[in-house]
Each structure stands twice: as structure tokens, then as C-alpha cells.
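Visitor: below is the sequence, then the predicted model.
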Amino acid sequence: MQLVIMNNVQLDSTHLSQLHPRFYNLESITALKNSRLASLNHILAKELGIDISVLDKEKFIAWHNGEINLQGSTPHAYAYSGHQFGYFVPNLGDGRTINLGKLESYHLQLKGAGVTKYSREGDGRAVLRSSIREYLASEAMHGLGIPTTRALSLIASDTPIYRKGGFERGAMVMRASSSWVRIGSFEFAYLGANKVEKITNLANFVITQNYPHLQNYPNKYTLLYQDIVQNSANLFALWQSVGFVHGVLNSDNMSILGQSIDYGPYGFMERFESTFVPNLSDFEGRYAYENQPMIAQWNLEKLAKVFAVIAQTNTIETYTQSFMQRFKKAYTLKMQQKLGILEPRKADRVLIKTLLQALQRDGIDYTLFFYYLAYNDQAKIKSMAKEALNSWLQSYEQRVIDTSLQKRMKLMQQHNPKYILREYMLEDAIVRANENDFTAIDTLLKIVQNPFDAHKEHEHFLVPSVRVMGCSCSS
């Protein structure tokens, strides 16, 4: 059924009745001044049943800005705890995000909607710069086939927001996810009295909402934890395979669905560098590219402590320890696909490892190398190859000598994108948006939603960044 904003749209907030009242707080949205629509994601809008051809733009903006509260919507913020850079912080929560309710299979949420009960010393706002980054990253990951939260729309405003270095323009992103429950949500449930009651309530909520196939199992909580571990292993394998670095992988930034969530100081690695850190606040490199799988297991160990209260402890511990093996299996398979290997062998792990070493030694762009390999562009490969990569290419040719080039290319082209979000692409869109030119955002949105397509008119975006600056947690 097609929905017309705003007459026939109705949200669903009945899921709140399933949650223990400690897990959320009812909130009010604080509107921005002179808000305007910077971008609307037509693909997600269609999934939500929103007919763009009859969209009332002004009412949509008013809804996004919190000036209209749709029928069935109960604005609220969630409570959660989390380990931030290895240190436990008991009281976090949605400090600047307010949930609107559910539409189709997505829970809608406004980021930058003002102060909530969980804002602590924060202003509850988000700036245009970081909002553009999150809006585009969400859809870039979806375009790459990586489980992720989504972004429906972005509004800009004239509200001044102070951040380190001066004032910036306020903005809001309307985010969408099938769940906003995090590892940190369970850590919050573990606090204080009545642990069993609260953890059981949250686990039942998650099963009902997102893992309904587990409802009738007597050991459903153990099985839920196992599914979370497996989904997380699959997710991190995909992250590593495209060179994505989250930047601030605290336990409150890890979803229980095994999907990417909360895009702050993220980065797509360009020149391969195993120690790549996009977060300027991560001085010790805790969340570097090479560390992400280990951090994922570390966070899951914190979740295991909580689940041990209601699940089979020995099984939980065994499954936690199996994470790395599961990650490596999923990662190796994905890399074999990127290399066009149709008949996997155990020895391929060595081939993959030596490739990454060669890419780093020769300073080669990760995405472009795989893209040129997928299309057998020997001229481009030779132009970037140096001694280490040339040596690896000889080993690779021997490995695939008995495989049809056509079949290899077909497989590789399905797993190697042409485009990623490079920092200069984002910076250009941000600069223009601050001058009220939002066209670059929509251009990038179309590219990242289809990163495997040619987009011949945009091949200037294949040029690697001269220098990837990174960004801080401040947004």
C-alpha cells in the first residue's frame, strides 16, 4: 500500500509495552530553525511505502523536524551502558537520538533531535558535517551488501551548534533499523537489582522483534547468544573485506543483529594499511583495521557475562571462544570470492595474507586493485604494481591457472566494488552543503547505492585521496 505523507502514515509504538520501563524514557523533539530537506533516500522511501510522486514535502520536513507527531508515534530514547575505549560507563543511552516508532519493518529514529534524559552534558544535537557522513555511510554499506542501519532523509538548518573549533550548522538524520538494541543495552540490564528479570525481559523483546524463530526453544537464550556471535562474525568479515573501519567500536556501538550501527569517525581504507585508524581521538589505535575482529570478540565477552545469568554458561563460553574461528572462515570465503577462486583450498589463507602484505609494502589502493583484477585490466594493475605485488601476481596466476578467466571475472565482479566513499568525496559534499548546495549529496548517494556499476561520468572519484585525514568523535 502506498502511503501519502502525512495524511495516511501511521507509526507503531506498541513494542514499548514489551519492554521493562527502565530501558527507555519518553521524550520531546526540539525542532531546528529554518529546516530544509537536504536529501531524501528514494530507495528506502519506497521500501517504507512512501510514494514520492505525491509526497507533501513541507509536511515531511515538519515531521522530520519534530513539528508534527504522527498518529501511533510515541517519541522515546533508549537507555544503555557500554565499554568505551575499554572502560565501562554505566549511564549512556540515546543522548541525541529520539525514536519515533515503527514503520513497516523499520524503527525510525531522529539523530540530532535535542536533549534527552541520557544527554548528560551534551547538547543533544548533530552538525551538518557529521550528519552527511552518517547519511551517506549508511547507504554505502547497504549498497555493498553489508548489514547496516539505514538513512531515510537528512535535513539541514540555520541552528548554530558549537563544536570544537567554532559553530557549525545543526542537522538531523532520520535513521532506520530493524532494532536499536546494542550489546550496551544488555550491559545496562545487568546493572543493579533484579538482573534476571531485566535481562530476561530484554532477551524476550529481542527474540520477539528480531529472532522469532527461537521463541519455542527451551534454550532460546543460549541460541540467541549463538546467533548474535555468528552474525557478528559474518559482519566483521564483510567489514574487513571492503577495508571499512568503524573508528569507535565501543560495546554500545555493536548491534545485537550483527549489523553496522552508529557512523561516527569511520573510514574506508584507501592505500592498504593494516594499522589504519580514521578516528583522531583513538591515540593508541585500539580500533585500527587489524584490531577490529579482536575488539568484536572482546565486546562479545562482555555480552557473554550478561547472558550467563539466563543461559547455559559453558555453551556461552565455548561459543564466545569460537568467534575468531567463525570470523576467519567467513573472511577467507569472502576474500576467495574477491580473488575469483571457485574451488577453495586451505592454502588460500597464505595467498590472501601475502597479498595484503604486498599491497601494504607497495602502497597500493585496496579497492582499485581488486576492481582492476576483477576486470582483468592488466595495464592498470601493472601501473600500480611494484616488486612485492609483482611477485604475488605470479603466485596468483599459478593458483588460478586451471580456472576459466571468464568464470573468475564473473565471480570477482560480484564482490569487488568500483566505488567507495573516499574522504575527499565527503569533504566536497560537506563544503557545498554548508553553502546550501545539496546536489553533491544526492550524486554520491546514487553512486554508493550502486557501487558496482560503472558510473562513467563519475570516474574522477576513482582517484585515491592524497592524504586521508580522519576525524574525531565530536559531531
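Guide: Noted; the coordinates are in hand. Residues are numbered from 1 along each chain as shown.
Visitor: how about the strands of the protein, start to end?
Guide: 24-26, 36-40, 76-78, 82-84, 87-89, 97-103, 106-111, 126-127, 150-163, 166-177, 244-245, 267-268 (DSSP state E).
Visitor: buried deepest among the ones you listed, which one?
Guide: Of all the strands of the chain, strand 267-268 has the most neighbours on average by mean count of other Cβ atoms under 10 Å, namely a mean of 26. For glycine as for every other residue, the C-beta is placed from the backbone atoms N, C-alpha and C.
Visitor: what does that one contact?
Guide: For strand 267-268, the surrounding residues in contact (Cβ atoms under 8 Å, 6 or more residues apart in numbering) are 242-245, 247, 276, 278, 367, 420-423, 468, 470.
Visitor: can you check stretch 204-214 too?
Guide: Contacts for stretch 204-214 (Cβ under 8 Å, 6+ apart): 15, 18-19, 178-179, 181, 215, 220, 223-224, 227, 256-257.
Visitor: just the buried subset of those residues, please.
Guide: Neighbour counting over those (16 or more other Cβ atoms under 10 Å) leaves 15, 19, 178-179, 181, 220, 223-224, 227, 256-257 as the buried ones.
Visitor: nearest to residue 444, of those residues?
Guide: Among those, residue 178 lies closest to residue 444 (Cβ to Cβ), at 24.8 Å.
Visitor: returning to that earlier point: in helices, which of the buried ones among the contacts of stretch 204-214 fall?
Guide: Of those, the ones assigned to helices by DSSP state H are 220, 223-224, 227.
Visitor: measure the residue nearest the centre of the chain to residue 246 for me?
Guide: By Cα atoms, centre = their mean, the chain has its centre lying nearest to residue 260, at 2.9 Å. Residue 260 sits 7 Å away from residue 246 when distances are taken as Cβ to Cβ, to the nearest Å.
Visitor: tell me the residues that contact both of these two, please.
Guide: With Cβ under 8 Å, 6+ apart, residue 260 and residue 246 have common neighbours residue 239.
Visitor: quick check, pLDDT for residue 165.
Guide: If you check residue 165, the pLDDT there is 82.
Visitor: how about residue 474?
Guide: Confidence at residue 474, expressed as pLDDT, is 56.
Visitor: one more: residue 9?
Guide: pLDDT recorded at residue 9 is 77.
Visitor: enumerate every residue touching it.
Guide: Neighbours of residue 9 in contact, by Cβ under 8 Å, 6+ apart: 3, 50, 70-71, 103.
Visitor: these: which two are farthest apart?
Guide: Across these, no pair lies farther apart than 50 and 71, at 15.5 Å, counting by Cβ to Cβ.
Visitor: looking at the two, which is more packed in?
Guide: Legend: neighbour count by other Cβ atoms under 10 Å for residue 50 and residue 71, higher for residue 50 (23 against 10).
Visitor: most remote residue from this protein's center?
Guide: residue 402 (38.1 Å).
Visitor: how far away is it from residue 347?
Guide: 14 Å.
Visitor: equivalent analysis for residue 45, please.
Guide: From residue 45 across to residue 347, the span is 47 Å (Cβ to Cβ).
Visitor: these two: which is more packed in?
Guide: Taking neighbours as other Cβ under 10 Å, residue 45 and residue 347 compare with residue 45 leading, 18 against 9.
Visitor: let's see the pLDDT reported for that one.
Guide: 96.
Visitor: quick one: residue 393 and residue 381 touch, right?
Guide: Yes - in terms of Cβ atoms under 8 Å, residue 393 counts as a neighbour of residue 381; the distance is 7.4 Å.
Visitor: quick one: buried residues of stretch 317-334?
Guide: Neighbour counts using 16+ other Cβ under 10 Å place 319-320, 323, 326-327, 330-334 of stretch 317-334 among the buried residues.
Visitor: whoops, I mixed them up, stretch 280-297
Guide: Buried, per 16+ other Cβ under 10 Å, within stretch 280-297: 281-282, 286-289, 291-293, 295-297.
Visitor: only alpha carbons, please: show it as PDB.
Guide: Backbone C-alpha positions of stretch 280-297 (Å, rounded to 0.1, in the frame of the first residue of the first chain) are rendered in PDB as follows:
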ATOM      1  CA  LEU A 280      41.800  11.100  15.500                       C
ATOM      2  CA  SER A 281      40.700  10.500  19.100                       C
ATOM      3  CA  ASP A 282      42.000   6.900  19.100                       C
ATOM      4  CA  PHE A 283      45.500   7.800  20.000                       C
ATOM      5  CA  GLU A 284      46.600   4.200  20.800                       C
ATOM      6  CA  GLY A 285      45.000   2.600  17.700                       C
ATOM      7  CA  ARG A 286      42.700   0.400  19.700                       C
ATOM      8  CA  TYR A 287      40.100   0.400  16.900                       C
ATOM      9  CA  ALA A 288      42.500   0.100  14.000                       C
ATOM     10  CA  TYR A 289      41.600  -2.000  11.000                       C
ATOM     11  CA  GLU A 290      43.700  -5.000  12.000                       C
ATOM     12  CA  ASN A 291      42.200  -4.900  15.600                       C
ATOM     13  CA  GLN A 292      38.500  -4.900  14.700                       C
ATOM     14  CA  PRO A 293      37.900  -8.700  14.900                       C
ATOM     15  CA  MET A 294      39.700  -8.900  18.300                       C
ATOM     16  CA  ILE A 295      37.600  -6.000  19.600                       C
ATOM     17  CA  ALA A 296      34.400  -7.700  18.400                       C
ATOM     18  CA  GLN A 297      35.300 -10.800  20.400                       C
END
